[in-house]
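J.: Take a look and give me a structure for this.
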Amino acid sequence: MTQTPTTLSQSPSALRAGLDAVYLASAVLGAVCVALIAALMVFQSLGREFGLNTGATNDIVAWLCAAAAFLTMAHAFKHGDFVRVTLVLENISATARRVLELASLLVALVAVAYLAWWACRFTYQSYEFKELAQGLLPLPIWIPQMSFAFGSVLLLVAVFDEFVIVARGGVPTFVRLTAERHAKGDFSSDI
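T.: Presented below is the predicted three-dimensional model:
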């Protein structure tokens, strides 16, 4: 099957839309984890008042905390919600800024690749050894660890995505989106 020039020209935007949808879906899943934490904490508080056994709730809340953190990292990175020190970048030429952005993204790419490698290996080893959670809920531990592995791999994809954007001469998404928020008068992420 051959692709027409129209199909080829639409591929990058389809890929862009797909990646952005995955980042957003992962962030929404992380937000659901936060909502579940709130619901479980209320359940646990009320359950204690009525004499219900809520011991395993702490285990579930801990897993949801980790899931919320890791599932939202790629979206937060892409939207400029990670802490960045831009004092130097704001006062240099565009060429020097691009070089420093590429160098920073390359360092981040190596660091996040290392994290993703070990997160996946750690999760796979838990699966391989049939490791169970040590708390009151004897769940195969690889199940909650999947959010760690998936979130790390998705962050790696997001960092690589930004590296490609900058290498092609584009403005990093996190810079562009932060500038758009500032243009609308929204400085809430700077506080």
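
J.: What's the separation between the residue nearest the centre of the chain and A116?
T.: Central residue of the chain (Cα atoms, centre = their mean): M73, 2.2 Å from the mean position. Relative to A116, M73 is positioned 11 Å away (Cβ to Cβ, to the nearest Å). Heads up, the C-betas are built off the backbone N, CA and C, glycines and all.

J.: Run through the residues that contact the spatially closest residue to T178 that is not a sequence neighbour.
T.: Once flanking residues are discounted, T178 sits nearest to G80: 4.0 Å by Cβ to Cβ, 6 or more residues apart in numbering. Contact partners of G80, counting by Cβ atoms under 8 Å, 6 or more residues apart in numbering, are 173-175, 177-178, 181, 189.

J.: tell me the two of those residues that are most distant?
T.: T173 and S189 (13.9 Å; Cβ to Cβ).

J.: the more surrounded of the two?
T.: Taking neighbours as other Cβ atoms under 10 Å, T173 and S189 compare with T173 leading, 20 against 12.

J.: Please list all residues in contact with that one.
T.: 78-80, 161-162, 165 are the contacts of T173 under Cβ under 8 Å, 6+ apart.

J.: Keep only those of these that are in helices.
T.: 78, 161-162, 165 (DSSP state H).

J.: Sort out which residues of stretch 155-162 are buried, please.
T.: Going by neighbour count (16 or more other Cβ atoms under 10 Å), the buried part of stretch 155-162 is 155-159, 161-162.

J.: Stretch 50-66 too?
T.: In stretch 50-66, counting by 16+ other Cβ under 10 Å, buried: 54, 56-57, 59-61, 63-64.

J.: okay if I get the residues you listed as TSV plus pLDDT?
T.: Converted to TSV, those look like this (pLDDT from 0 to 100):
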residue	pLDDT
T54	80
A56	85
T57	89
D59	90
I60	93
V61	94
W63	94
L64	96
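
J.: quick check, nearest of the residues you listed to A149?
T.: Looking across the buried residues of stretch 50-66 and measuring by Cβ to Cβ, the closest to A149 is W63, at 13.3 Å.

J.: helices and strands around the helix or strand the closest one falls within, which ones?
T.: Taking DSSP states H and E as the criterion, W63 maps to helix 57-71. Helix 57-71 sits against helix 5-49, helix 142-167, with contacts defined as 3 or more Cβ pairs under 8 Å, 6 or more residues apart in numbering; DSSP states H and E.
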